[in-house]
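# the following block contains a protein sequence and its predicted model.
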Amino acid sequence: MLDAVVIGAGPNGLTAAVELARRGMSVEVFEARDTIGGGARTEELTLPGFRHDPCSAVHPTGIGSPAFRALPLERYGLEWLHPELPMAHPFPDGSAAVLARSVGETARSLGVRDAGTYRRLVEPFRGKWDTLARDMMRGVLEGFPRDPVTLARFGLAGVPPVTVLNSRFRDEKARAVLAGCAAHVIHPLSGIATGAIALTFVLAAHAYGWPIARGGSQAIPDALAGYLRDQGGEIHTDYEVKRLDDLPPARAYIFDTSPTALARIAGLGNAFSRYRYGPSAFKIDYALSGPVPWTSEAARRAGTVHVGPTAADIGRALRDVHQGRAPERPFLITSQPTLTDPSRAPEGKHTFWAYGHAPNGWTGNLTDAVEAQLERFAPGFRDLVLARATAGPPELAARNANYVGGDIGVGSFSGLQTLLRPKPRRIPYATSHPAVFLCSSATPPGGGVHGMCGHNAARAAWRRIRETRR
Ligand SMILES: Cc1cc2nc3c(=O)[nH]c(=O)nc-3n(C[C@H](O)[C@H](O)[C@H](O)COP(=O)(O)OP(=O)(O)OC[C@H]3O[C@@H](n4cnc5c(N)ncnc54)[C@H](O)[C@@H]3O)c2cc1C
């Protein structure tokens, strides 16, 4: 009998498998697609020689992940590359606010009236990322934090909506930066804990930066898989798990799937019938003949560029999506990997990664709205487009069964689910079946390529494995 079977070879599934294998347990992973990686892959989506990341591209919580930092992933080919600036947020007048590695440079870019407020906001957390990340990247009811004072400070600032955090600032630049960071969870800015999302991205920039992986995001699962195989783990691809009986007998089954898929496969009936899925995205991967011609000089040096002039504009786009409407002027999260890693495109050419938000299950086409936004801040952008690959909610859902209705967060960031997902439980990775565990981004700490859901789920599973071995 195997110690564990993992269903799904995304970053969380692979991390869970690695954590068990490195402790001497026998593990096999079963992945539905013909390649591993889930939301961290790299593919030639447009033209020969252009290597695109269809899903994740930028990894602030990856480089800052306590799980990844404890693994020898560099030995297995993962190399983080840092852009000159982690993030720029351009404005229509050609200026930009930036998230730099340095707090000082960031504060200065926000303008004199808000620089001090920004310093005071981030100062209590400086040098504390590693402990804070351990404390916040797990279930809220799980055990005692290592640094309760810093965690409480983070909670006080972050649990209220980002609009409350923004009320500390006097001008638009700081507000737009924080709103843009909070928007990564695709929820209205008035939502509880949206402040924590913004603060996490900001603190991550100052702690370890917002890097990309050399060669593409696929390098992350590839490194995890390389290490897993060296520890004796096995991976089977092209193997969609439909029932537990499809799998070899094991002491624990760890699902890197949506909660509803887990319930269906493991025969847990309506265990997660109250789980809610959230909005989606409209993703465009571009092959470009040159770099994006941003009017803002800072945007031309940044790995990530947020496009949405004011916090109010960003809030409006998020509200539209939440209410089931496609936004007229979508807020865009964009990444320009070839500025930092030219190996991903033929010489002199570039790849560009952009998405706006869209309602769950929406079947329209957001390309014109996305490009109209880009033209406002980078006139001439369209002239550089050699090819584009688009994916709206149905295509995203078809690429990965976890994205129910195209929900790239695998669960909406609203109500009780914001803090207690997939449902209120002391160990959120456990289920009503003692041998069945959930490790996907539907569990804390949620979306992103950081492996922390897998790391935490593996801890829950190995207690069970040890008991049943005895
Ligand atoms: C457009 C987009 C942009 C993103 N940008 C970023 C970013 O820049 N930075 C970042 O950190 N994160 C980003 N993310 C989010 C990130 O990709 C996910 O949060 C992350 O991949 C979640 O990891 P996971 O292991 O939980 O699940 P996934 O990566 O989704 O992996 C789940 C795996 O399980 C497999 N699977 C599902 N059901 C079955 C089954 N029945 N049998 C077998 N296998 C199954 C799937 O095929 C998949 O390979 C982005 C996501 C999208 C879609």
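Structure received. Residues are numbered from 1 along each chain as shown.
# which secondary structure state does residue 303 sit in?
Here residue 303 is recorded as strand under DSSP: H, G, I helix; E, B strand; the rest coil.
# spatially, which residue comes closest to residue 457, not counting chain neighbours?
residue 439 (3.4 Å; CB to CB, 6 or more residues apart in numbering). (C-beta placed from N, C-alpha, C; glycine too.)
# er, residue 396 I mean
Residue 396 sits nearest to residue 406 (CB to CB, 6+ apart), 4.3 Å away.
# for that neighbour, what are its contacts?
For residue 406, the contact set (CB atoms under 8 Å, 6 or more residues apart in numbering) comprises 280, 281, 358, 360, 361, 362, 392, 393, 394, 395, 396, 397.
# tell me the strands in the stretch 301-450 of the chain, going along the chain?
Applying DSSP state E, counting those that start in this stretch to the stretch 301-450 of the chain gives strands spanning 302-307, 332-335, 350-358, 385-391, 436-438.
# quick one: which of these is nearest residue 225?
Nearest to residue 225 among the strands of the stretch 301-450 of the chain is strand 436-438 (20.1 Å), distances taken as CB to CB.
# what packs against the very next helix or strand once past the closest one?
Downstream of strand 436-438, the first helix or strand assigned by DSSP states H and E is helix 452-469. Where contact means 3 or more CB pairs under 8 Å, 6 or more residues apart in numbering; DSSP states H and E, helix 452-469 is packed against strand 2-7, helix 11-21, helix 66-69, strand 250-255, strand 436-438.
# what's the most buried one of these?
Highest mean neighbour count of those: helix 11-21, a mean of 31 (counted as mean count of other CB atoms under 10 Å).
# how far away is residue 259 from residue 453?
To residue 453, residue 259 is 12 Å away according to CB to CB, to the nearest Å.
# returning to what we had before: mind checking which of the contacts of residue 406 land in helices?
Using DSSP state H, the subset of the contacts of residue 406 located in helices is 393, 394, 395, 396, 397.
# and those residues near the ligand, which?
The residues of the ones in helices among the contacts of residue 406 that also fall near the ligand, by CB under 6 Å from any ligand atom, are residue 396.
# which among the ones in helices among the contacts of residue 406 end up buried?
Taking 16 or more other CB atoms under 10 Å as the criterion, what is buried in the ones in helices among the contacts of residue 406 is 393, 395, 396, 397.
# nearest to the ligand, of those residues?
residue 396 (5.7 Å; CB to the nearest ligand atom).
# the stretch 101-250 of the chain: helices as residue ranges?
Listed in chain order, the helices of the stretch 101-250 of the chain (DSSP state H, counting those that start in this stretch) span 103-109, 112-122, 129-136, 148-158, 162-166, 172-182, 194-207, 219-230.
# may I see the ones in helices among the contacts of residue 406 organised as CSV, with pLDDT added?
Listed next are those as CSV, based on pLDDT from 0 to 100:
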residue, pLDDT
393, 98
394, 98
395, 97
396, 97
397, 97
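# quick revisit: residue 259 and residue 453: who's more crowded?
residue 453 (33 against 27; other CB atoms under 10 Å).
# these two touch, right, that one and residue 437?
No. Taking contacts as CB atoms under 8 Å, residue 453 lies outside contact range of residue 437: 10.4 Å.
# before we move on, the earlier item: pull the most distant pair out of the contacts of residue 406.
360 and 395 (13.7 Å).
# so how far is the ligand from the nearest residue to residue 461 once chain neighbours are set aside?
In space, and not counting its chain neighbours, residue 461 is closest to residue 252: 4.3 Å by CB to CB, 6+ apart. According to CB to the nearest ligand atom, to the nearest Å, residue 252 stands 16 Å off from the ligand.
# residues in the protein within reach of the ligand, list them.
Residues of the chain found near the ligand (CB under 6 Å from any ligand atom) are 7-13, 30-33, 38-40, 55-59, 61-62, 240-241, 256-257, 261, 281, 283, 355, 396, 400-402, 408, 440-441, 447-449, 453.
# residues in contact with residue 159?
192, 193, 195, 196.
# columns neighbour count, pLDDT and distance to residue 178 on top of those residues, output as a markdown table?
What follows is those, written out as a markdown table (neighbours: other CB atoms under 10 Å; pLDDT from 0 to 100; distance: CB to CB, whole Å):
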| residue | neighbour count | pLDDT | distance to residue 178 |
| --- | --- | --- | --- |
| 192 | 17 | 92 | 15 |
| 193 | 21 | 94 | 13 |
| 195 | 26 | 96 | 8 |
| 196 | 24 | 95 | 11 |
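# for residue 370, which non-adjacent residue is closest in space?
residue 356 (5.2 Å).
# across the sheet, point out what pairs with that neighbour.
Following DSSP bridges, residue 356 is listed with bridge partners residue 282.
# neighbours around it, how many?
For residue 356, using other CB under 10 Å, the count is 25.
# give me the pLDDT value at it.
On the pLDDT scale, residue 356 is placed at 97.
# next: residue 417.
As summarised for this prediction, residue 417 has a pLDDT of 89.
# ok, now which ones touch it?
Taking CB under 8 Å, 6+ apart, we find residue 417 in contact with 275, 276, 411.
# list the contacts for the second one?
Put plainly, it is residue 276. Contact analysis of residue 276 by CB under 8 Å, 6+ apart lists 411, 412, 414, 415, 417.
# and the gap between the residue most central in space within the chain and residue 129?
Centroid check for the chain by CA atoms, centre = their mean gives residue 448 as the closest residue, at 2.3 Å. To residue 129, residue 448 is 15 Å away according to CB to CB.
# do residue 226 as well
Distance of residue 226 to residue 129, given as CB to CB: 27 Å.
# check residue 147 too.
As judged by CB to CB, residue 147 and residue 129 stand 11 Å apart.
# can you pick out the residue with more neighbours from those two?
Neighbours of residue 147 and residue 129, each counted by other CB under 10 Å, are more numerous for residue 129; the result is 18 against 15.
# could you find the closest non-adjacent residue to that one?
Looking at residue 129 with CB to CB, 6+ apart, the closest residue is residue 207, at 3.5 Å.
# same question, residue 169
Closest to residue 169 by CB to CB, 6+ apart is residue 114, at 4.7 Å.
# list the contacts of the one you found.
Under the criterion of CB under 8 Å, 6+ apart, the contact list for residue 114 reads 107, 169, 170, 171, 173, 174.
# quick check: the farthest pair among these?
Between any two of the contacts of residue 114, the greatest separation by CB to CB is 13.4 Å, found for 107 and 170.
# my guess is residue 111 contacts residue 171, does it?
Yes. Between residue 111 and residue 171 there is a contact under CB under 8 Å: 5.1 Å.
# what about those two, which has more around it?
Neighbour count, other CB under 10 Å: between residue 111 and residue 171, residue 111 has more, with 17 against 14.
# show the contacting residues for the more buried one.
Going by CB under 8 Å, 6+ apart, residue 111 touches 171, 173, 174.
# residue 282 contacts residue 330, correct?
Yes. Using CB under 8 Å, residue 282 is in contact with residue 330, at 7.5 Å.
# can you pull the residues that touch both of those two?
Applying CB under 8 Å, 6+ apart, one finds that residue 282 and residue 330 are jointly contacted by 356, 357, 358, 366, 370.
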